[in-house]
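>>> have a look at this fold, sequence not included:
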């Protein structure tokens, strides 16, 4: 965890996503949706497509952040526009 945190603090988006997953799913740490969202959000702002999709999921489901469908659609669009298939499927599911 400490090595991922060091790398994530240096804006390494892979490490940020890994930390997001660790906290979201409770892998090797206690589950914490707020911390998961924080790390996903940092990676999403660095352009990571998986993280953008995860931020959309968090907003759609209210995981670690207040549920907000407009934000979910925004982040799904960000990932979908770059070709991330899961984000395209999420938009189709939402009728967008």
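Cool, got the structure. The model shown is predicted, which means the values in this text are computed figures rather than measured ones. Numbering: from 1, shown residues only.
>>> local confidence estimate at the residue most central in space within the chain?
With distances taken as CA atoms, centre = their mean, the chain has residue 54 as the residue nearest its mean C-alpha position (2.9 Å). pLDDT, residue 54: 98.
>>> and it, what is it in contact with?
17, 20, 24, 36, 40, 44 (CB atoms under 8 Å, 6 or more residues apart in numbering). (C-beta placed from N, C-alpha, C; glycine too.)
>>> how about 6 Å then?
residue 40 (CB atoms under 6 Å, 6 or more residues apart in numbering).
>>> mind listing what's buried in the helix or strand hosting it?
Secondary structure from DSSP states H and E places residue 54 in helix 49-61. Across helix 49-61, burial judged by 16 or more other CB atoms under 10 Å covers 49-60.
>>> still on that earlier bit, ok, now how distant is the residue nearest to the centre of the chain from residue 9?
Going from residue 54 to residue 9 by CB to CB, to the nearest Å gives 19 Å.
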